[in-house]
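Student: Quick one, what's the 3D model for this:
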Amino acid sequence: MLVIKGSDVLLESGFERCDIGVSRAQTGAGVHLDPPADSAHMVLDAAGLLALPGAIDIHGDAFERQIMPRPNVRFDMNIALRDTDRQLAANGVTTAFHGLTWSWEPGFRGAESARIFVGAVESVRPHCLVDHRIHLRQETFNLDAEDEIIDWLQHGKIDMLAFNDHLTGTIKVRHRPEKIGDMMRRTGLSEEAFLALVDQCASREHEVAGSIRRLTIAAKAADVPTLSHDDLDIESRTRLREIGIGIAEFPVTNEVAQAASLAGDEIVFGAPNVLRGGSHTNCPSAAEMVRAGWCTILASDYYYPALAQAPFVLEAQSGIPLATGWGLVSANPARAAGLGDRGTIANGARGDIVLMRRNGLGSAEVVATICDGEIVFLSDYRLLKSA
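Tutor: Next up is the predicted model:
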């Protein structure tokens, strides 16, 4: 058993100075608070550090930069995922839901890429440092994928299912090359072919609502949580809630976020939004949403380091207690994802813990990450002692 000694530990009741024993869930109970002195095989001297539940990233797509760091410059997904795995561990993330977009577009977000990615996650998962899961972002006009996605749900290949609609926005800006340029280049299509595809997909709008309903039913049968992405108005969010989609991801107005909160939805905003002091797309401020009580979860979105830093920034700049802020990246996403074995430090919980050191600048550094009882990242080996 690894024993973490002398840290200030975030328990369900708040911070407390105590020792923590951790072991792999398959060989023991995971977390043991104040374990017997003779139970340690290895000791981490964590005096002066904070011990926090491992961060759970409910939506992160920064892995795309490892796969395609420049337009149409692609690398092997297995290599990209192994690199992503190390980034996650170094940033205190012990459970990661990769935001995989399967779109009506060909190319980087097309069907073949989605299939390869799912296979790559299955292939590398046994060799990874942290727990990798798939958050499939289904473009709602990607109608031909419905049967295959239902099959994936039935066979446990995906762990969350979100519904996006980027086609409607594309139609609105189709005559502005500066707006559709990146998307068009990502597909590898000419402008003429791309716009023809947009028109073809848009002609099937009458099929979208039925597809969403059927996929939601299949997800519920598979016990997979469902999310709506970029809710534009209260009415659309209400319709989706009524068919069982209980998580609102990145509502685009304060009013939608407030209505979702009043209805009891889980509400996700981006941790990079907190670090930057606002949205880069003129959407609601995540810090303001947290202060208002209209945000229950923070996600890394496109920048992994933001997840562990955001609670410290909220504490320094908004007066949000660290225990509350850390719940946005641990206990709350665990609840939304249905992961009852993690998100808190308690006897019997899975041994997912991150040790952090405040740096006096309103943020903190990750010193160690423990995933399922094993050290997967350690920045200072002088802290590691033999028992």
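Student: so how far is the lowest-mean-pLDDT helix or strand in the chain off the chain centroid?
Tutor: Taking mean pLDDT, DSSP states H and E as the measure, the chain has helix 177-187 as its least confident helix or strand, at a mean of 74. Counting by Cα atoms, centre = their mean, to the nearest Å, helix 177-187 is centred 26 Å from the centre of its parent chain.
Student: Give me the buried positions along that helix.
Tutor: For helix 177-187, burial by neighbour count (16 or more other Cβ atoms under 10 Å) applies to 180, 183-184, 186-187. Where C-beta positions appear, they are placed from N, C-alpha and C, glycine not excepted.
Student: what's that helix packed up against?
Tutor: helix 191-202 (3 or more Cβ pairs under 8 Å, 6 or more residues apart in numbering; DSSP states H and E).
Student: got the angle for the helix it packs on vs helix 177-187?
Tutor: Calculated by axes from the mean of the first three to the mean of the last three Cα atoms, to 10 degrees, helix 191-202 forms an angle of 90 degrees with helix 177-187.
Student: buried residues in the helix or strand following helix 191-202?
Tutor: Scanning forward in sequence from helix 191-202 by DSSP states H and E, the next helix or strand is helix 208-221. The neighbour-count check on helix 208-221 (16+ other Cβ under 10 Å) flags 208, 211-212, 215-216, 218-220 as buried.
Student: who does helix 208-221 touch, helix- and strand-wise?
Tutor: Looks like helix 208-221 contacts helix 146-154, strand 160-164, strand 226-229 (3+ Cβ pairs under 8 Å, 6+ apart).
Student: Show the low-confidence segments of the stretch 151-300 of the chain, by residue range.
Tutor: Applying pLDDT under 70 to the stretch 151-300 of the chain picks out residues 178-179.
Student: again, only this time at 90
Tutor: For the stretch 151-300 of the chain, applying pLDDT under 90 flags the ranges 166-195, 198, 278, 280-283.
Student: Parallel or antiparallel, which strands does the host helix or strand of Asp19 pair with?
Tutor: According to DSSP H and E, Asp19 maps onto strand 14-22. If you go by DSSP bridges, strand 14-22 pairs up with strand 2-11 (antiparallel), strand 31-33 (antiparallel).
Student: Ala271 is nearest to which of these?
Tutor: Taking Cβ to Cβ, strand 2-11 is the member of these nearest to Ala271, at 17.6 Å.
Student: Which residues does that closest one contact?
Tutor: 15-23, 33, 35, 39-53, 322-323, 326, 344-346, 353, 355, 370, 373-375, 387 (Cβ atoms under 8 Å, 6 or more residues apart in numbering).
Student: per-residue confidence averaged over it?
Tutor: The average pLDDT within strand 2-11 is 95.
Student: before we move on, what about stretch 304-322?
Tutor: 97.
Student: Show me what counts as buried in it.
Tutor: 304-315, 320, 322.
Student: now do stretch 221-234
Tutor: Residues 222, 224-231, 234 are the ones in stretch 221-234 that count as buried (16+ other Cβ under 10 Å).
Student: Closest one to Phe63 out of these, please.
Tutor: Of the buried residues of stretch 221-234, the one sitting nearest to Phe63 (Cβ to Cβ) turns out to be His229, at 17.5 Å.
Student: List the contacts of the closest one.
Tutor: Neighbours of His229 in contact, by Cβ under 8 Å, 6+ apart: 137, 162-165, 249-250.
Student: I'd like to know which of these is nearest to Arg239.
Tutor: Nearest to Arg239 out of those is Phe163 (Cβ to Cβ; 11.2 Å).
Student: How about that closest one: which residues does it bridge to?
Tutor: Gln138, Ser228.
Student: Output the below-cut-off pLDDT ranges for the stretch 1-150 of the chain.
Tutor: 1, 23-30, 35-42, 68-74, 106-108.
Student: any chance you could map the helices in it?
Tutor: Secondary structure of the stretch 1-150 of the chain, counting by DSSP state H, counting those that start in this stretch: helices at 63-67, 77-90, 111-124, 146-154.
Student: So which of those helices is nearest Ala193?
Tutor: helix 111-124 (16.8 Å).
Student: so that closest one versus helix 146-154, what angle?
Tutor: 10 degrees.
Student: Quick one: list the elements packing against helix 111-124.
Tutor: helix 77-90, strand 93-102, strand 131-139.
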